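Colleague: give me a model of this one.
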Amino acid sequence: MKFEKPSAPVAPQPPEGCLVVAIRVPVRIVVLVLVVPVRVVWDAVVVGGRFLWRTVLRPVGRALFVWPVVALWRYAVVPGAKALGWLVKVLVLVPAVWLYRTVLTPVGHALGWSARRIGDGLAWVYARVLTPVGHACAWVVGGVAAAVAWLGRYALVVPAGWLYAWVLAPVGRAFARCGRGLLWLARAVGTGVGVVLYWTARILLVLPAVALWRWVLAPVGRVLAVVGREVWDALGHAWRIAGHISLAVGRALATLFRWIFVAPVSWVYRTVLTPVGHVVRDLVLRPAAEAARGAGRVVRQALTAARESARQARADFRRMVFGEPAQPRPVERREPMGDGTRTLGRSTTVLTKD
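Modeller: Numbers count the residues shown, from 1 in each chain. Got it, this is the predicted structure:
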């Protein structure tokens with residue numbers, strides 16, 4: 001028993017009115033008539049562009065841009081970078097390392113030693129001189145500050161506190177009460193004016209705008225939305241149908257081109273040009289190639305004989321002018337083998353004879 005997988009639930013489509021149906025069919029017919037030529041031209045342009053890209057633009061781009069850039073990188077940039085690196089190494093790095101090792105390092109050690117000695121002297125001055133003087137100055141300043149603080153407290157702070165508590169605070173409270181009363185009065189007046197302006201604007205502006213939106217703009221917008229949606233759907237359907245029509249036209253043209261041009265050319269190539277080419281190859285080209293190879297062998301043999309004759313003539317001319325060259329005398333490198341050699345029955349050697 002087979003169990004089928006339950007399909008996904010399809011969302012219910014809202015019911016379409018007579019206005020939608022009345023708009024859809026003519027719009028789709030008009031859009032299809034207008035879109036089919038555009039789609040055919042578009043497909044032709046796409047096919048032509050792909051053919052032009054494969055046969056012209058890509059090879060020309062490689063010849064004009066890719067290969068010059070690769071050659072420039074390989075034969076100019078890389079050697080130039082290597083030469084520049086070598087120059088930087090020879091002219092900058094090696095002198096800099098030598099300067100660091102032979103000049104800057106000793107100077108730095110000397111400056112460090114001098115800085116340590118100066119720091120030790122300054123530390124001694126700070127500990128023995130500046131610290132006692134600082135303590136004495138701090139004691140004097142602390143006494144003066146305590147005296148000034150006592151005078152400021154009883155000359156300024158206490159009178160200012162009394163003035164704030166008994167004069168400024170009561171006056172400020174009175175001003176605050178007056179300000180709250182004025183603020184309440186302004187708030188009440190503003191509320192009344194705001195209520196009047198609100199109802200005036202509601203009656204004169206809001207209610208007419210709501211009525212205009214509800215009874216005029218919203219229905220017109222719905223109609224325009226329906227028309228726009230149907231036009232968009234019609235464009236989509238027309239574009240797809242035009243694609244099928246363009247594909248059929250393209251296949252028909254390709255079949256016609258194959259029948260009219262490709263098939264005859266192929267038949268002529270197979271039945272006429274190929275046998276003629278074989279006959280020309282067997283009766284003309286191969287004998288001509290064999291004759292050319294034989295002529296080449298004869299010419300090579302003649303050139304070899306001419307070179308040998310010229311070499312022999314030069315050797316005869318040298319013997320006639322300068323004579324026979326001296327032959328090297330052979331040198332005997334082995335020990336002589338005779339009666340004077342040392343044997344088992346005699347005590348003589350080659351150097352000491354009897």
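Colleague: any buried residues in stretch 31-51, and which?
Modeller: By 16 or more other Cβ atoms under 10 Å, the buried positions in stretch 31-51 come out as 31-32, 35-36, 39-40, 43. For glycine as for every other residue, the C-beta is placed from the backbone atoms N, C-alpha and C.
Colleague: what's the closest of those to Leu303?
Modeller: Distance to Leu303 across the buried residues of stretch 31-51 (Cβ to Cβ) is lowest for Asp43, with 66.0 Å.
Colleague: would you confirm that the closest one contacts Ala248?
Modeller: No: contact criterion Cβ atoms under 8 Å: Asp43 and Ala248 do not qualify, at 10.9 Å.
Colleague: run the chain-centre distance for the helix or strand encompassing Pro68.
Modeller: Per DSSP states H and E, Pro68 falls inside helix 67-72. Using Cα atoms, centre = their mean, to the nearest Å, the mean C-alpha position of helix 67-72 is found 19 Å from that of the whole chain.
Colleague: can you name the element that comes right after it?
Modeller: helix 78-88.
Colleague: ok, Arg281 - contacts?
Modeller: Arg281 is in contact with no residue at all, counting by Cβ atoms under 8 Å, 6 or more residues apart in numbering.
Colleague: strands along the stretch 251-354 of the chain, start to end?
Modeller: Remark: no strands are assigned in the stretch 251-354 of the chain by DSSP state E, counting those that start in this stretch.
Colleague: apologies, that question was intended for the stretch 101-250 of the chain.
Modeller: Going by DSSP E, counting those that start in this stretch, the stretch 101-250 of the chain shows no strands.
Colleague: any low-confidence regions in it?
Modeller: Of all residues in the stretch 101-250 of the chain, none has pLDDT under 70.
Colleague: if you set the cut-off to 80 instead, what comes out?
Modeller: Applying pLDDT under 80 to the stretch 101-250 of the chain flags residues 152-155.
Colleague: against which helices or strands is whichever helix in the chain runs longest packed?
Modeller: As assigned by DSSP state H, the longest helix anywhere in the chain is helix 218-257. For helix 218-257, the packing partners by 3 or more Cβ pairs under 8 Å, 6 or more residues apart in numbering; DSSP states H and E come out as helix 18-52.
Colleague: next secondary structure after the helix it packs on?
Modeller: Next along the chain after helix 18-52, with elements defined by DSSP H and E, is helix 58-61.
Colleague: hmm, who's touching that next one?
Modeller: Under Cβ under 8 Å, 6+ apart, the answer for helix 58-61 is an empty list.
Colleague: check what pLDDT Leu344 gets.
Modeller: pLDDT for Leu344: 55.
Colleague: ok, now which ones touch Ala242?
Modeller: Applying Cβ under 8 Å, 6+ apart to Ala242 gives the contacts 32, 35-36, 38-40.
Colleague: out of those, which two sit at the greatest distance?
Modeller: Longest span within the contacts of Ala242, Cβ to Cβ: Leu32 and Val40, 12.4 Å.
Colleague: about what we covered before: would CSV of the buried residues of stretch 31-51 with pLDDT and distance to Arg311 be doable?
Modeller: Below are the buried residues of stretch 31-51 laid out as CSV (pLDDT from 0 to 100; distance: Cβ to Cβ, whole Å):
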residue, pLDDT, distance to Arg311
Val31, 74, 94
Leu32, 73, 92
Val35, 79, 88
Val36, 78, 87
Arg39, 82, 83
Val40, 82, 80
Asp43, 84, 76
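Colleague: going by distance to Arg229, which of those wins?
Modeller: Out of those, the member with the shortest distance to Arg229 (by Cβ to Cβ) is Val31, at 13.0 Å.
Colleague: how close does that closest one sit to Pro208?
Modeller: Distance from Val31 to Pro208, counting by Cβ to Cβ, to the nearest Å: 39 Å.
Colleague: do the same with Val33
Modeller: Taken as Cβ to Cβ, the span from Val33 to Pro208 is 45 Å.
Colleague: ditto for Val226
Modeller: Taken as Cβ to Cβ, the span from Val226 to Pro208 is 27 Å.
Colleague: quick one, which of these two is more surrounded?
Modeller: Legend: neighbour count by other Cβ atoms under 10 Å for Val226 and Pro208, higher for Val226 (16 against 10).
Colleague: from the buried residues of stretch 31-51, pick the one nearest Pro170.
Modeller: Val31 (87.2 Å).
Colleague: list the contacts of that closest one.
Modeller: Val31 makes contacts with 231, 234-235, 237-238, as judged by Cβ under 8 Å, 6+ apart.
Colleague: so which of those residues comes closest to Gly190?
Modeller: The nearest member of those to Gly190, counting by Cβ to Cβ, is Val231 at 53.2 Å.
Colleague: can you name the residues that contact the closest one?
Modeller: 27, 31.
Colleague: what's the answer for Val66, then?
Modeller: Neighbours of Val66 in contact, by Cβ under 8 Å, 6+ apart: none.
Colleague: per-residue confidence at it?
Modeller: So, for Val66, pLDDT stands at 86.
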